[in-house]
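Q: Take a look and give me a structure for this.
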Amino acid sequence: MTFRIADTFSDALSKLSGQEQKVAKTAAFDAQMNPENPGLQMHRVDRAKDPHFWTARVNRDVRLVLHKKDGATLLAWVGHHDDAYRWAERRRIDVHPRTGAAQIVEIRETVEDVIIQRYVEEAVKKPRLFTDEDDDTLLSWGVPEDWLGTVRDATEDTVLDIAGHLPAEAGEALLQAATGERPAPAPHAEDPYEHPDAARRFRLTTTEADLAAALEAPWERWAVWLHPAQKEFVDRGFNGPARVIGSAGTGKTVVALHRAARLAREDAKARILLTTFNRRLADGLSAKLPMLLPDTAVRDRVTTRALGELAQDLYVDAFGPVEEATPDDVSKALADAAAAADVSVDPGFLQDEWRLVVDAWAVADRDAYRDLPRLGRLTRMAASRRNALWDVFSDARAALETQGKRTRAQMLHSLAVHYRGGAPRPFTHAVVDEAQDISVPELHFLAAMAGDRSNGLFFAGDIGQRIFRAPFPWKAAGVDLRGRSRSLKVNYRTSQQIRSQSDRLLPLSLTEADGNEDRRTGVVSLFDGPAPEIAEFPDADAEIKAVAGWLAGLVEEGFTGSEIALLVRSEDELPRAKAVRDALRSLIGRDAGPEVRVMHDAKGAEYRAVTVMACDEDVIPKEDRLLEARDESMIEEIMATERHLLYVATTRARERLWVSGAGRVSEFLEDLV
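A: Numbers count the residues shown, from 1 in each chain. Model (predicted):
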């Protein structure tokens, strides 16, 4: 006997109350241990088109929906009595005739007449998207046979609704085709449950522990599952540095985790670095890794650390104790050197020139500084001006060395030289998440450590989410990705409505400093939901009241505080966010969250619902940042970064999104609308 659990069950379970979930889980355990247990009070769903659907009693009102056939039991759904019977009556479990994948298919003739009528009416008004596609093509996309006619009648207004009634792979293919990308035909499988599309819908549970793990984790966290479109990037071998890119929610982190796990399993001598740019995100990677590598001996082959902190420890191991120069140390050394050399220069420009050019690229002498292409810098500079500034940089560096201090960039460059000189390398492979925010010295360090090995370096990132680092050409830093960069196009975290509206903040194509282009078209989400709410208010008090009311509605629907985030641009706007929490407490009579964060700190996080508030004209883009700009090029760079920051904030939301401002609101809100 086999026992499987479907993603539809996990989704339905999450919508029950806490007490209902507890008793439903107990009933699920009983069904796994003995599907014939008389205490379950099994009843066949007589009106179901599929004769193999049964219900099992959880309590007086809640029922499990099971599919029992040929000794196999599938835990398919759970809900209140009438809802459970309606769900089963409208579904069947099929094996697709073309792909061989097991599917949960909505019965075509049971879809509400009003919806079908709208499909037909809209099809008359607007061009049909798939009228020229033959049956064989639509079947190759996973469309069930009895849905072929409805799919062929889809228009741009109805395709999202139709896709929502189809099995996930068919819906994704339709949305992909509607956005201009030709879907690849699905593979065929002999075992319906071994097909990659079925593998993400149905999980085989062989022990009570398997079922317990499945019931305690949301569906998308089950073993940090891979979408079939992601698996290629995990399994593929590359003869040099490689990268996967994709917009927010397309699973880049999942690919990075599986890639590191695969390398660890394949080579007992491998020493893999799984890294990102800060400790919080690194801790998140570390927490997920045991789900992929339960064997401690194999998992010990993977080190998960924030890249900067790791580099400092490696430097101490290689060269002895060191004191890291702080930004204040560097600022003082530069100011003192400029004053001693009687060089008049804007302090902000001087610090940027040190950080982005001299320190970043380890510029060694006057000639190198004079001749160096100004990588990552938009302001041109005459040779005579570079000569004058070099004295300042040289003296500042000497002053720091006299104090026994070294910058993080100097440590990274020293390690790179160390490894290129033949010193033992601490890792055989490096997998880097959030790679869009990697720095020049970090890339030099990684290239020296593992860049010359097949599969040595693997990067995952999204240049649309670059908010911490200035762009620069990776090839100049020793990492050439030509021919080894791939894009993910399936978003499984964020609803179609939130994803498509957030995408309006960015251009359809983003070009990096080395000319690599990221085309952001053809991305589809696995599910849809309510449209984001974009609002503007006459003043902050009105906004606070409205946001609190919206959040109170979410709490009434069952959203918990940890599932909701309230994001603001900076600490200056935190008082408004805290005023919302106070107003929410007054409305519902208790403290119900949400989590309050500044946008930068939300990087890498996700929530069921997100409120992005205080998006005023002088807040995003931040007025004081624009006032620091020294030329038009710098203004453009700041505006792009601020857009990326708002994009990061809005795409933290899975199901619900609210964006608002007060008074004169940010121009970016017009783009969202």
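
Q: lowest average confidence, helix or strand, in the chain?
A: The helix or strand with the lowest mean pLDDT-type score in the chain, counting by mean pLDDT, DSSP states H and E, is helix 113-125 (a mean of 53).

Q: Tell me the helices and strands packed up against the next helix or strand after it.
A: Tracing the chain past helix 113-125, the next element assigned as helix or strand by DSSP states H and E is helix 135-140. In terms of contacts (3 or more C-beta pairs under 8 Å, 6 or more residues apart in numbering; DSSP states H and E), helix 135-140 is packed against helix 148-152. Where C-beta positions appear, they are placed from N, C-alpha and C, glycine not excepted.

Q: what residues does the helix it packs on touch?
A: Contacts to helix 148-152, defined as C-beta atoms under 8 Å, 6 or more residues apart in numbering, come from residues 108, 116, 119, 128, 130-131, 133, 135, 138-139, 143, 162, 166, 170, 174.

Q: ok, 7 Å please
A: Helix 148-152 is contacted from outside by 119, 128, 130-131, 133, 135, 138, 143, 162, 174, using C-beta atoms under 7 Å, 6 or more residues apart in numbering.

Q: ditto for stretch 503-513
A: Residues lying outside stretch 503-513 but in contact with it, judged by C-beta under 7 Å, 6+ apart, are 247, 463-464, 471-473, 517-521, 643, 646-647, 668, 671-672.

Q: Need the residues that contact stretch 236-252.
A: 227, 230, 233, 255, 433, 435, 451, 454-455, 457-462, 464-465, 479-481, 484-494, 499, 503, 518, 520, 523, 651.

Q: now stretch 402-412
A: Contacts with stretch 402-412, where a contact means C-beta under 7 Å, 6+ apart, come from 308, 311-312, 315, 322-325, 329-330, 359-360, 441-442, 444-445.

Q: Low-confidence stretches in this structure?
A: Across the chain, residues meeting the criterion (pLDDT under 70) sit at 109-125, 210-211, 213-229, 373-383, 511-518, 629-631.

Q: any idea which residue sits dead centre in it?
A: With distances taken as C-alpha atoms, centre = their mean, the residue of the chain nearest its centroid is Gly249 (3.5 Å).

Q: how far away is that residue from His644?
A: 15 Å (C-beta to C-beta, to the nearest Å).

Q: could you pull out the strands for the stretch 201-350 of the chain?
A: Chain-ordered strands for the stretch 201-350 of the chain, with DSSP state E, counting those that start in this stretch as the definition, fall at 202-204, 242-245, 272-276, 302-306, 323-324.

Q: picking up where we left off before, nearest spatial neighbour of the residue nearest to the centre of the chain, chain-adjacent residues omitted?
A: If the residues on either side of it in the chain are set aside, Gly249 comes closest to Arg493, at 3.6 Å by C-beta to C-beta, 6 or more residues apart in numbering.

Q: Check the gap between the one you found and Arg519 for me.
A: Using C-beta to C-beta, we find Arg493 at a distance of 20 Å from Arg519.

Q: same thing with Phe472?
A: With distances taken as C-beta to C-beta, Phe472 is found 21 Å from Arg519.

Q: what about the two, which has more around it?
A: Neighbour totals were compared for Phe472 and Arg519, and Phe472 leads with 21 against 14 (other C-beta atoms under 10 Å).

Q: Wait, a helix at Asp572?
A: Yes. Judged by DSSP: H, G, I helix; E, B strand; the rest coil, Asp572 forms part of a helix.

Q: Number of residues surrounding it?
A: Around Asp572 sit 13 other residues, with neighbours defined as other C-beta under 10 Å.

Q: so who does the residue nearest to Gly249 touch?
A: Shown here is Arg493, whose contacts under the criterion C-beta under 7 Å, 6+ apart are 249, 606, 654.

Q: does the residue lying closest to Ala102 once chain neighbours are set aside sit in a helix or strand, and which one?
A: With sequence-adjacent residues excluded and distances taken as C-beta to C-beta, 6+ apart, Ala102 is closest to Pro192, at 3.8 Å. Here Pro192 is covered by no helix or strand, with elements defined by DSSP H and E.

Q: quick one: Pro192 from Asp11, how far?
A: Following C-beta to C-beta, the distance that separates Pro192 from Asp11 is 21 Å.

Q: and these two? which has more neighbours close in?
A: The residue with more neighbours, out of Pro192 and Asp11, is Pro192; 17 against 14, by other C-beta under 10 Å.

Q: how far away is Asp541 from Ser666?
A: Counting by C-beta to C-beta - Asp541 and Ser666 are separated by 19 Å.

Q: okay, those two: which has more neighbours?
A: A side-by-side neighbour count of Asp541 and Ser666, using other C-beta under 10 Å, places Ser666 first with 22 against 13.

Q: so who does the more buried one touch?
A: Applying C-beta under 7 Å, 6+ apart as the definition, the contact partners of Ser666 turn out to be 615-617, 619-620.

Q: Count the residues that sit near the nearest residue to Asn59 once chain neighbours are set aside.
A: With C-beta to C-beta, 6+ apart as the measure, Val23 is the residue that lies nearest to Asn59, at 5.4 Å, once sequence neighbours are left out. Burial of Val23, expressed as a neighbour count using other C-beta under 10 Å, amounts to 13.

Q: Val23 and Asp61 touch, don't they?
A: No. In terms of C-beta atoms under 7 Å, Val23 does not count as a neighbour of Asp61; the distance is 10.4 Å.

Q: Dump the contacts of Arg493 into TSV; add distance to Trp54 as well.
A: Output for the contacts of Arg493, formatted as TSV (distance: C-beta to C-beta, whole Å):
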residue	distance to Trp54
Gly249	36
Glu606	35
Arg654	32
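
Q: tell me which of those residues is nearest to Glu563?
A: When the contacts of Arg493 are compared for distance to Glu563 (C-beta to C-beta), Arg654 comes out closest, at 8.8 Å.

Q: Give me the buried positions along stretch 164-175.
A: By neighbour count on 16 or more other C-beta atoms under 10 Å, the buried set for stretch 164-175 is 165-175.

Q: where does Arg576 land in three-state SS?
A: For Arg576, the secondary-structure state derived from three-state DSSP is helix.

Q: Actually, Thr55.
A: strand.

Q: what about it, distance to Ile635?
A: According to C-beta to C-beta, Thr55 stands 63 Å off from Ile635.

Q: try Gly71
A: Spatial separation of Gly71 from Ile635 under the definition C-beta to C-beta is 68 Å.
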